[in-house]
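>>> Pasting the sequence and the predicted coordinates here, then a few questions.
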Amino acid sequence: MESFSSEQRSLNMQAVKSSGSKEERLLMRTLYHRNHRYRKNNKKVFGKPDLTFKKHKLAIFVDSEFFHGKDFETKKKPVNNAEFWEKKIKRNIERDKEVNEELAKQGWTVLRFWSNDIKKNLDHVVETIEKHLPAKNTTVKLTWYPELSHETITIAAEPDKKQ
């Protein structure tokens with residue numbers, strides 16, 4: 001096994017490009033099929049959220065339970081290299097809070113979901129996101145009557161709940 005200096009290992013790891021976790025890809029695919037358009041890992045937005053809806057200032061993060069410290073204080077800690085992992089996970093938790101605060105100062109709404117929430121309750125996660133997005137309208141061309149072929153009507157994506 002090759003041994004690298006910490007600087008070299010860091011450079012190697014930075015060169016590895018990720019396509020996102022399975023849960024991130026599942027969430028993205030579901031939102032895309034529901035006609036929501038977003039940006040992935042937008043470097044121009046502080047904290048580089050997993051998904052951004054820039055027009056609506058909505059930032060979404062998909063956090064793994066291990067690396068982002070879900071139930072960190074009560075959960076069993078890794079045995080191997082325990083000091084390293086404890087320091088790393090605590091710093092990740094701290095960084096998540098800093099990112100949330102900075103984005104809130106900039107007027108963004110931040111939504112964070114645990115990977116397991118997406119796996120186990122995708123519909124609820126998507127509904128939560130959609131509550132922060134305006135209802136989409138769809139424009140439909142009426143082409144079956146020649147006299148109406150260039151007119152359009154707007155149909156709300158969701159029925160009016162007041163009726």
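Now that the structure is in, tell me what you want to look at.
>>> For stretch 69-84, list the C-alpha coordinates in CSV.
As requested, the backbone C-alpha atoms of stretch 69-84 are provided in CSV (Å, rounded to 0.1, in the frame of the first residue of the first chain):
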residue,chain,number,x,y,z
GLY,A,69,-23.2,13.7,13.2
LYS,A,70,-26.8,12.7,13.5
ASP,A,71,-27.3,11.7,17.2
PHE,A,72,-23.6,12.2,17.6
GLU,A,73,-23.6,12.7,21.4
THR,A,74,-25.6,9.5,22.0
LYS,A,75,-24.5,7.2,19.1
LYS,A,76,-21.7,4.7,19.3
LYS,A,77,-18.4,6.3,18.1
PRO,A,78,-16.0,4.7,15.6
VAL,A,79,-13.3,2.6,17.3
ASN,A,80,-10.6,3.0,14.7
ASN,A,81,-9.0,6.4,14.6
ALA,A,82,-11.6,7.6,17.1
GLU,A,83,-9.9,10.9,17.8
PHE,A,84,-9.7,11.8,14.1
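>>> so residue 63 touches residue 114, yeah?
Yes: when contacts are counted by Cβ atoms under 8 Å, residue 63 is listed as touching residue 114 (5.9 Å). For the C-beta atoms, the positions are set from N, CA and C on the backbone; glycine is no exception.
>>> any residues in contact with both of those two?
Any residue near both residue 63 and residue 114 by Cβ atoms under 8 Å, 6 or more residues apart in numbering counts here, and that gives residue 70.
>>> So residue 87 lies in a helix, does it not?
Yes: secondary structure assignment places residue 87 in a helix (DSSP: H, G, I helix; E, B strand; the rest coil).
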